[in-house]
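Participant: Whatever this is, show me its structure:
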Amino acid sequence: MAEEINEISKENRYETVVVSCGDVHLDRLPDLLEEKGWETDVNESDHSWAAKAWRW
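Facilitator: Next up is the predicted model:
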């Protein structure tokens with residue numbers, strides 16, 4: 001996922017990107033992007049774990 005974000009961003013000369021992803025990706029994705037030279041800022045949801053798990 002980090003590789004694709006990086007490749008697409010570089011190909012299109014994006015200086016800033018917004019990535020929306022699930023909580024599971026937050027364990028590693030910011031670190032992987034930072035290894036590729038990106039500055040990251042994580043904004044986690046304020047919803048409870050039950051609300052995050054709820055599927056319509």
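
Participant: those helices in this structure, which residues are they?
Facilitator: With DSSP state H as the criterion, the chain has helices at 2-11, 29-35, 49-53.

Participant: Can you lay out those helices as TSV showing mean pLDDT, distance to residue 19 and mean neighbour count?
Facilitator: Quick note: C-beta positions are derived from backbone N, CA and C, even for glycine. Listed next are the helices of the chain as TSV, based on pLDDT from 0 to 100; distance: least, C-beta to C-beta, whole Å; neighbours: other C-beta atoms under 10 Å:
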stretch	mean pLDDT	distance to residue 19	mean neighbour count
helix 2-11	97	6	13
helix 29-35	97	7	15
helix 49-53	65	17	9
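
Participant: Same list, those helices, but as TSV with distance to residue 41 please.
Facilitator: Listed next are the helices of the chain as TSV, based on distance: least, C-beta to C-beta, whole Å:
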stretch	distance to residue 41
helix 2-11	14
helix 29-35	9
helix 49-53	20
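
Participant: of those helices, which approaches residue 23 most closely?
Facilitator: helix 49-53 (6.6 Å; C-beta to C-beta).

Participant: Looking at the helices of the chain, which is nearest to residue 22?
Facilitator: Among these, helix 49-53 comes nearest to residue 22, with 8.4 Å by C-beta to C-beta.

Participant: quick one: the residue most central in space within the chain from residue 4, how far?
Facilitator: A centroid search over the chain (C-alpha atoms, centre = their mean) returns residue 19, at 4.4 Å, as the residue closest to the centre. Distance, residue 19 to residue 4, using C-beta to C-beta, to the nearest Å: 10 Å.

Participant: Ok, residue 42 next?
Facilitator: Counting by C-beta to C-beta, the gap from residue 42 to residue 4 is 19 Å.

Participant: and if you look at residue 12?
Facilitator: Applying C-beta to C-beta to residue 12 and residue 4 gives a distance of 12 Å.

Participant: try residue 10
Facilitator: 11 Å.
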